[in-house]
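Peer 1: Could you look at this predicted model? Sequence included:
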Amino acid sequence: MKLPPKLKAFVEESDWTFAKTYAQTWPHEYIVGDRVDESPFLSLVRHIREHGYKGRFYRKAITYFDEDGMVYWTMGAPIGETTIVNRCTKEQTYEYRLKHGVLPEPKGRNAERIRIDCVRNEPQSYPLVGQARLVSRVLYISKYLFLNVGRWKSGLGGYFFRASESLSFQRSQKNVGLYHENGVFSRD
């Protein structure tokens, strides 16, 4: 369902702010509810929620709404508590960029988790050439070893495993390393 004329006029007349923080990774614009007329803002939020479609942004489920080449969304707070409406072009959405293999390189505190999720769930779309599934297994197992067998530094030994078509574990009293036929992935 298209935006009603009053909401379309509100969207066109609003001063959208470009999100400078995400200019290089996720370019988009937003309006803040406190800076615009409250009634049409809340009507826009309701319209997005009622007539939009379910999508995702990495792990987060989001309701999106398309109108005239732009995609609108909020961050999912209850309607009365929503403070921001975002929009971007269709080509800048997560779904489009995932499908076309042009996701930005993850950065920050959650970058490792994001990389693991992307490679594990969408190896054909993520820009890791060739052995995406193998790398996914290695990253997953190294995460497991780090979290669950992290006592290796205190003298309890460690685990060696070889990354090949099937991964196997070998107990050792020596250093911990991730071994691959083409080289060594090291955690030392």
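Peer 2: That came through fine. Numbering: from 1, shown residues only.
Peer 1: Packing partners of the strand or helix carrying S39?
Peer 2: Using DSSP states H and E, S39 sits in helix 38-51. Using 3 or more Cβ pairs under 8 Å, 6 or more residues apart in numbering; DSSP states H and E, the elements in contact with helix 38-51 are helix 5-13, strand 60-67, strand 70-73, strand 84-89. Every C-beta, even on glycine, is put in place using the N, C-alpha and C of the backbone.
Peer 1: out of the ones you listed, deepest packed?
Peer 2: strand 70-73 (a mean of 21; mean count of other Cβ atoms under 10 Å).
Peer 1: Show me what that one packs onto, helices and strands only.
Peer 2: By 3+ Cβ pairs under 8 Å, 6+ apart, strand 70-73 packs against helix 38-51, strand 60-67, strand 84-89.
Peer 1: I'd like the next helix or strand past the last one.
Peer 2: Okay, so that is strand 84-89. Following strand 84-89 toward the C-terminus (DSSP H and E): helix 94-99.
Peer 1: Double-check that Q24 belongs to a helix.
Peer 2: No: using DSSP: H, G, I helix; E, B strand; the rest coil, the assignment for Q24 is coil, not a helix.
Peer 1: Format the CA atom coordinates belonging to the helix holding S39 as PDB.
Peer 2: Provided in PDB are the C-alpha atoms of helix 38-51 (Å, rounded to 0.1, in the frame of the first residue of the first chain):
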ATOM      1  CA  GLU A  38       4.400  14.600  16.000                       C
ATOM      2  CA  SER A  39       1.100  13.500  14.500                       C
ATOM      3  CA  PRO A  40       2.300  12.800  10.900                       C
ATOM      4  CA  PHE A  41       5.500  11.300  12.400                       C
ATOM      5  CA  LEU A  42       3.600   8.700  14.400                       C
ATOM      6  CA  SER A  43       1.300   8.100  11.400                       C
ATOM      7  CA  LEU A  44       4.400   7.300   9.300                       C
ATOM      8  CA  VAL A  45       5.700   4.900  12.000                       C
ATOM      9  CA  ARG A  46       2.300   3.200  12.100                       C
ATOM     10  CA  HIS A  47       2.100   3.000   8.300                       C
ATOM     11  CA  ILE A  48       5.600   1.400   8.100                       C
ATOM     12  CA  ARG A  49       4.700  -1.200  10.800                       C
ATOM     13  CA  GLU A  50       1.300  -2.000   9.400                       C
ATOM     14  CA  HIS A  51       2.100  -2.100   5.600                       C
END
